[in-house]
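Colleague: My questions are about this predicted structure, shown below with the sequence.
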Amino acid sequence: MSEPTILDDLKSDHEEIRLLAERLQETPDPEKRRVLFSDFKSLLIAHARAEDEVLYKPLKRTTSARLKALEGEEEHDVAEFLATRLKDDDDKGGDAWTARTQVIKEVLDHHMDEEETEIFQAARDIFGEDRLVAMGAQFRELKEDHLRRQV
Ligand SMILES: [Fe+2]
Ligand SMILES: [Fe+2]
């Protein structure tokens, strides 16, 4: 079996982020929402920061994928801003919270779908298999660093 590449790591994080976003919406209990949200936000930020550094940074240096990478980074900023608004919203049982989780879920669904199609294809075209494997190791290490710092 071939070694996992960064694309495998990203895909499995995306699955987890999608699941957490769904559970955030479906969980009515404010205390459970608070705990779920903390897991969701930590993973989202660690994932996005490591992705910026390991994947988007080299893609921005190319001519073919530069704009797509800049667009992705911009969406990271939007998602982080929305997550901060959710964090600041103390009424985790209220309708405003539910509406905000819906918006962040829509933004992330769009973002991750684009990554898994256009960005993944660009990465496959531009970097070889060995480089994608090495990027995976780098991504995991950076993500763990970010997760540790957020605790
Ligand atoms: Fe991602
Ligand atoms: Fe992303």
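Modeller: Right, received. Where do you want to start? Ligands and ions are numbered 1, 2, ... in the order given.

Colleague: quick one: stretch 117-137 to chain centroid distance?
Modeller: Taking C-alpha atoms, centre = their mean, to the nearest Å, one finds the center of stretch 117-137 at 17 Å from the center of the full chain.

Colleague: Can you confirm whether that stretch lies near ligand 1?
Modeller: No - counting by C-beta under 5 Å from the ion, ligand 1 is not contacted by stretch 117-137; separation bottoms out at 8.1 Å. To be clear about C-beta, it is placed using only N, CA and C from the backbone, and glycine gets the same treatment.

Colleague: which residues sit against that stretch?
Modeller: Contacts with stretch 117-137, where a contact means C-beta atoms under 8 Å, 6 or more residues apart in numbering, come from 2-10, 54-55, 58-59, 62, 64-65, 68-69, 72.

Colleague: Now list the buried members of the residues you listed.
Modeller: Taking 16 or more other C-beta atoms under 10 Å as the criterion, what is buried in the contacts of stretch 117-137 is 5-7, 9-10, 54-55, 58-59, 65, 68-69, 72.

Colleague: Within reach of ligand 1, which of these are there?
Modeller: Among these, the ones lying near ligand 1 by C-beta under 5 Å from the ion are Leu10.

Colleague: between the buried ones among the contacts of stretch 117-137, which is nearest Val107?
Modeller: Top of the list for closeness to Val107, among the buried ones among the contacts of stretch 117-137 and by C-beta to C-beta, is Gly72 at 12.0 Å.

Colleague: That closest one and Met112 touch, don't they?
Modeller: No - taking contacts as C-beta atoms under 8 Å, Gly72 lies outside contact range of Met112: 10.0 Å.

Colleague: before we move on, back to that, can you tell me which of the contacts of stretch 117-137 are in strands?
Modeller: Counting by DSSP state E, none of the members of the contacts of stretch 117-137 fall within strands.

Colleague: picking that back up, right, and out of the buried ones among the contacts of stretch 117-137, which lies closest to ligand 1?
Modeller: Within the buried ones among the contacts of stretch 117-137, distances to ligand 1 taken as C-beta to the ion reach their minimum at Leu10, with 5.0 Å.

Colleague: tell me the contacts of that closest one?
Modeller: For Leu10, the contact set (C-beta under 8 Å, 6+ apart) comprises His47, Glu51, Leu55, Glu115, Glu116, Phe120, Phe139.
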